[in-house]
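My questions are about this predicted structure, shown below with the sequence.
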Amino acid sequence: MALHTWFECKIQYEKTIENGMTKKVTEPYLVDALSFTEAEARIIEEVSPFITGEFTVANIKRANYSELFYSEDASADRWYKAKLVFITLDEKTGKEKKTSSLMLVQAIDLRSALKNLEEGMRGSMMDYVIASLQETPLMDVFAFRAPKTEDQ
């Protein structure tokens, strides 16, 4: 399993809304990168084809998602943040130890997000509780892709 470092990047630009007027918007995206510098370069590369006119990278911050669960459903265009609490037993003291972890789940709605999360966690040997599941404002997620070489 590859270890990912996720960065939430906020893009600010003038968006044309329904009535033809333009409105300044800030939209968050998630990119997989090795550094803040790479995250900035990747988000510019990813959103450039979709944004007409100028845009700025307004903010970049680390996002501590331990796992992402993608949906096979093409209409699943929302991302949900799930907080899971894993329960382990401390063998020395015999006490329960709780560890929180954030996951990101792609889904159509909250119900399918819960289903996708439970499917993704099915193989887990650890006991866990879903502490929360909420929709995020993320517009899209860009995982790392290896650059294409001549022979691919």
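Happy to help now that I have it. Numbering: from 1, shown residues only.

which non-adjacent residue is nearest Glu96?
Leaving aside its chain neighbours, Glu96 sits nearest to Ile87 (5.5 Å; criterion: CB to CB, 6 or more residues apart in numbering). Quick note: C-beta positions are derived from backbone N, CA and C, even for glycine.

helices or strands up against the helix or strand harbouring the one you found?
In this structure, Ile87 sits in strand 78-89 according to DSSP states H and E. Here strand 78-89 touches strand 96-107, helix 110-121, strand 127-135, going by 3 or more CB pairs under 8 Å, 6 or more residues apart in numbering; DSSP states H and E.

just so I know, which of those lies nearest Phe36?
Nearest to Phe36 among these is strand 96-107 (19.6 Å), distances taken as CB to CB.

Extract the CA atoms of the strand holding Ile87 and return them as CSV.
What follows is strand 78-89, C-alpha atoms only, in CSV (Å, rounded to 0.1, in the frame of the first residue of the first chain):
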residue,chain,number,x,y,z
ARG,A,78,-19.2,14.1,-3.5
TRP,A,79,-16.6,13.5,-0.9
TYR,A,80,-17.4,12.6,2.7
LYS,A,81,-15.0,12.8,5.6
ALA,A,82,-15.3,9.9,8.0
LYS,A,83,-13.8,9.9,11.5
LEU,A,84,-13.2,6.3,12.7
VAL,A,85,-12.2,5.4,16.2
PHE,A,86,-10.1,2.2,16.4
ILE,A,87,-10.3,0.3,19.6
THR,A,88,-7.3,-1.7,20.7
LEU,A,89,-6.4,-3.4,24.0
